[in-house]
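# Turn this into a structure:
(chains A and B)
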2 protein chains.
Amino acid sequence: MIEICEVGPRDGLQNECKMISTSIKVELITRLIDAGIRNIEAVSFVNPKVVPQMADAEEVLKLLPKGNNVRFGGLVLSRSGLERALKTDIDFLHVVTTTSDSFNQRNAKRTVEQAVEELSKVIIEGAESGKGVAGVLGTAFGCPFEGEVPLTRVLSVAEQFIEAGCTEITLADTTGMANPIQVQTVTAAFYKQFGKGFPLGLHFHNTRGLGLANTLAGYQAGVRRFDSSIAGLGGCPFAPKAVGNVCTEDMVNMFHGMGIETGADLNQLVETAKWLENHMDRPLDGMLMKAGIA
Amino acid sequence: MIEICEVGPRDGLQNECKMISTSIKVELITRLIDAGIRNIEAVSFVNPKVVPQMADAEEVLKLLPKGNNVRFGGLVLSRSGLERALKTDIDFLHVVTTTSDSFNQRNAKRTVEQAVEELSKVIIEGAESGKGVAGVLGTAFGCPFEGEVPLTRVLSVAEQFIEAGCTEITLADTTGMANPIQVQTVTAAFYKQFGKGFPLGLHFHNTRGLGLANTLAGYQAGVRRFDSSIAGLGGCPFAPKAVGNVCTEDMVNMFHGMGIETGADLNQLVETAKWLENHMDRPLDGMLMKAGIA
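As a prediction, this is how the structure comes out:
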C-alpha cells in the first residue's frame, strides 16, 4: 500500500496560465476524493499578488466537502501565510524551502539559512496551534543553477525542520534532475539519520521523463508516500523549462500493475483527468488518459 | 555498461505518416553512429506495398557508412523478406513474431504457431547463410486484444527460435502494457530457462509512461541491452493508440545519471533528435530535447 499526496490543485494549478475558478477547483478536489484520494495539497497561502491563481485559498477550503478521512494540506512559505492558514480549518501546513541558495534567492529572495531560520518559527507556531506540519525541501536532487545540492545540506535542513516540529518531510525534485540511483542514495541517507519509521515522502517532476522510474526507485528504497498531480498538471514558474509533476493516474496504473494498492479508483482518476483537460487551455501530459487503461 | 539497440530508423520511421527520403534516413543513421551508437536496426524487409516507408531498405544499406564496428539489423517477417535480406550485406536479421494469436492474426494473418513454424525455417536458412539472427517476440508483456499473454507461451516461442538458430532474443512490449514487477518476473523466468549468459534484450514503448521505469527494472534484473528510438519516434500501426519507443537520449540520460556507461554522446544524441524533429511534421516525444541536459 502506498499513499498518494495529490498536489494537482496546488502545485499543478499554480503553474497553469489559465485562471481557474473557485468552483472548478472545488469540483476537482471533490472528484479526487470520490476517486479515493485521501491526502490532498488543496491550496497555497502564498502572496496573492505573486500567485493570483491561488488567491482564493480560504474560499476553496470553505466549500470543500468535510469528513471522509480526507486530509487537506496548504502551502505555507512565510509568517503571513501561516497567519492566513491558522484562521482556516486546514489540516496540515506544508512548509517549503528549497535547499539551494541560488534557487532560493531567485524564488524567495533569501538564502537557505535565512529561510530555515524564519520558517522554523513558522513551524513551531504551526505545531503549537495543533495543525500538522510537514516540511517540503525543494531542489533536494539538484539545482538548475548550482547543479548538485550537497546531501549534507539537504539532511541539515530536514533536521532543523524536524527539530522545529515537522512530523513529516517530503524531498522534492523541483526541476526533474533526479535519477534512480540518486533517489536510493538520498533516501537511504535520510532513513539512516532519521530512522526507517520516519514518514518520508517523495515529490518528482517528469521534466526529463524519469518521474515514474524515480518513483519506482523510491518505492524500492522503502518510501510509501508519493506526491503526484492529476493529468500531470504543474511545473514551476521559477525553474527553466520545468514540466509537470508525476501524473497521478499514470503512477496509480504502475502501482496497481505491480500489485500494490493505492486506495484509488483508476477509472475515476482517468475520468477526472479528462474532465480537467476540458477546463484547461492546453492538452495535459498524462499518458494513460490518452492510451487507455490496459 | 549497457548496449543500446537504436530502432528509430526502423520501428520509429515505419510508423510515421510523413514519408522520409533515403538520404534523410542515411543521414540519421550516420549521425547516430557519430554519436556512438553501435547497434542499429536500420531497415525492414517488409512488403513495400504494406509499409511504403521501408521500401528503400536495399538503397539505404548501400549508402550507409561501413566499418566503425557498427552492426546493422534488418527486420524479417517472412521468407520473401529473408530472400531480400540475404542479397544485402546486413549483419543481423531481426526475425519477429508476436506471441498472441489475436494480435498475430490481425498483424500477420496467421496464428503464433503458424508464424513460428514458418519463421523457424527462415531462422535456419538465415543462420546457415552466415548472418546473425535475433528473435524478437512482440506482445511479450501483454496483448491489447487478449490481455495477459501466458509466460509459458512467450518462453516456448523463445525456445523454438533459439533451437532454430537465434543467438539473441528480444522481448517486446508492443503496446506499452508492461510494469516493473512483470519485467522482473519475465526476465528472471527467461534467464532461468536459457541461462544468465543468454543475450536478452528488452524493447519497451512509452505508451503509458512506464518506458524508463520498465527499463530500470530490466537493468536491475540483469538485462544489458535495450531497444530505444531517437527522439522517441515510433509506435505501431496495428496497435490501438500505441505511442513511441523509449526515447534513446532520455534513456541514455538516465543511465549516465546512474553512472552506467552507454558508449553514446548525450549532446550529440540531443542534437540529432532536434535535427530529426525538423524533418518530421510533428513535435516528437523526447523529453530531454525540450528540457535540456541537466
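
# Just the pLDDT at A:Asn107, thanks.
Per-residue confidence at A:Asn107 stands at 87 (pLDDT).

# And A:Gly235, by the same measure?
For A:Gly235, the model assigns a pLDDT of 57.

# nearest residue to A:Asn179 other than its sequence neighbours?
B:Gly257 (3.2 Å; C-beta to C-beta, 6 or more residues apart in numbering or on different chains). Placement of C-beta: from N, CA and C, glycine included.

# scratch that, A:Ala127
The shortest distance from A:Ala127 to any non-neighbouring residue, by C-beta to C-beta, 6+ apart, is to A:Gly165 (3.4 Å).

# Check the contact between that neighbour and A:Lys121; I expect there is one.
No. A:Gly165 is beyond contact range of A:Lys121, at 10.4 Å (criterion: C-beta atoms under 8 Å).

# quick one, which of these two is more surrounded?
Legend: neighbour count by other C-beta atoms under 10 Å in any protein chain shown for A:Gly165 and A:Lys121, higher for A:Gly165 (20 against 12).

# Enumerate every residue touching that one.
A:123-124, A:126-128, A:133 (C-beta atoms under 8 Å, 6 or more residues apart in numbering or on different chains).

# how does it look with 7 Å?
For A:Gly165, the contact set (C-beta atoms under 7 Å, 6 or more residues apart in numbering or on different chains) comprises A:123-124, A:127, A:133.

# where in chain A is pLDDT low?
A:235-242 (pLDDT under 70).

# how about the residues of it that lie near chain B?
Residues of chain A found near chain B (C-beta under 7 Å from any C-beta of the partner chain) are A:142, A:176-177, A:179-182, A:207-210, A:212-213, A:216-217, A:241, A:243, A:247, A:250, A:253-254, A:257-259, A:287-288, A:290-292, A:294.

# Would you mind checking those residues for buried ones?
A:142, A:176-177, A:179-182, A:207-210, A:212-213, A:216-217, A:243, A:247, A:250, A:253-254, A:257-258, A:287-288, A:290-291, A:294 (16 or more other C-beta atoms under 10 Å in any protein chain shown).

# can you give me the helices in chain A?
Assigned by DSSP state H, chain A shows helices spanning A:13-14, A:22-34, A:57-63, A:79-86, A:101-108, A:112-128, A:151-164, A:180-194, A:211-220, A:248-257, A:266-277, A:288-291.

# Now tabulate those helices in a markdown table and tack on distance to B:Gln53.
Output for those, formatted as a markdown table (distance: least, C-beta to C-beta, whole Å):
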| stretch | distance to B:Gln53 |
| --- | --- |
| helix A:13-14 | 42 |
| helix A:22-34 | 42 |
| helix A:57-63 | 51 |
| helix A:79-86 | 56 |
| helix A:101-108 | 45 |
| helix A:112-128 | 53 |
| helix A:151-164 | 49 |
| helix A:180-194 | 35 |
| helix A:211-220 | 31 |
| helix A:248-257 | 30 |
| helix A:266-277 | 31 |
| helix A:288-291 | 23 |
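
# Of all those helices, which one is nearest B:Pro65?
Smallest distance to B:Pro65 across the helices of chain A (C-beta to C-beta): 33.7 Å, for helix A:211-220.

# A:Gly232 contacts A:Gly244, doesn't it?
Yes. Assessed by C-beta atoms under 7 Å, A:Gly232 is found in contact with A:Gly244 at 4.2 Å.

# Overlap of the contact sets of these two?
Listed as contacting both A:Gly232 and A:Gly244 by C-beta under 7 Å, 6+ apart are A:206, A:285.

# Show me which of the two is the more surrounded one.
A:Gly232 (29 against 26).

# Which residue does the stretch 51-200 of chain A have closest to chain B?
Nearest residue of the stretch 51-200 of chain A to chain B, counting by C-beta to the nearest C-beta: A:Asn179, 3.2 Å away.

# who's in contact with that residue?
A:210, B:254, B:257-258.

# Phi, psi for it please.
In terms of degrees, to the nearest 10, the main-chain angles of A:Asn179 are phi -130, psi 160.

# hmm, back to that, tell me which of the helices of chain A sits nearest to B:Leu137.
Among those, the nearest to B:Leu137 by C-beta to C-beta is helix A:248-257 (19.8 Å).

# Report the angle between that closest one and helix B:180-194.
40 degrees (axes from the mean of the first three to the mean of the last three C-alpha atoms, to 10 degrees).

# separation between the closest residue to A:Met287 other than its chain neighbours and B:Lys66?
Spatial nearest neighbour of A:Met287, excluding adjacent residues (C-beta to C-beta, 6+ apart): B:Gly209 at 3.9 Å. As judged by C-beta to C-beta, to the nearest Å, B:Gly209 and B:Lys66 stand 39 Å apart.

# again, but for A:Met1
Distance, A:Met1 to B:Lys66, using C-beta to C-beta: 56 Å.

# show me what contacts the residue nearest to A:Met287?
Counting by C-beta under 7 Å, 6+ apart, B:Gly209 touches A:212, A:247, A:250, A:287.

# 10 Å instead?
Counting by C-beta atoms under 10 Å, 6 or more residues apart in numbering or on different chains, B:Gly209 touches A:206, A:209, A:211-213, A:232, A:246-247, A:249-251, A:253-254, A:285-288, A:290-291, B:176, B:243.

# A:Met54 now?
A:9-10, A:13-14, A:25, A:43-48, A:60, A:74-75.

# Show me what the closest residue in space to it that isn't next to it in sequence is bridged to.
Nearest residue to A:Met54, sequence neighbours excluded (C-beta to C-beta, 6+ apart): A:Ser44, at 4.1 Å. Beta-bridge partners of A:Ser44, counted by DSSP bridges, are A:Leu75.

# surely A:Ser44 meets A:Leu61?
No. Here A:Ser44 does not reach A:Leu61: they are 11.4 Å apart, not a contact under C-beta atoms under 10 Å.

# Now A:Glu16. Nearest residue, chain neighbours left out?
Nearest residue to A:Glu16, sequence neighbours excluded (C-beta to C-beta, 6+ apart): A:Met280, at 6.3 Å.

# The one you found against A:Gly8, yeah?
No. Between A:Met280 and A:Gly8 there is no contact under C-beta under 10 Å: 11.1 Å.

# joint contacts of the two?
Shared contacts of A:Met280 and A:Gly8, counting by C-beta under 10 Å, 6+ apart, come down to A:16, A:231, A:233.

# Using JSON lines, please lay out those residues together with distance to B:Ser102 and neighbour count.
Shown next, in JSON lines, are the shared contacts of A:Met280 and A:Gly8 (distance: C-beta to C-beta, whole Å; neighbours: other C-beta atoms under 10 Å in any protein chain shown):
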{"residue": "A:Glu16", "distance to B:Ser102": "41", "neighbour count": "19"}
{"residue": "A:Ala231", "distance to B:Ser102": "31", "neighbour count": "29"}
{"residue": "A:Leu233", "distance to B:Ser102": "36", "neighbour count": "29"}
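
# of those, closest to B:Ala108?
Checking the shared contacts of A:Met280 and A:Gly8 one by one against B:Ala108 (C-beta to C-beta), the nearest turns out to be A:Ala231, at 36.3 Å.
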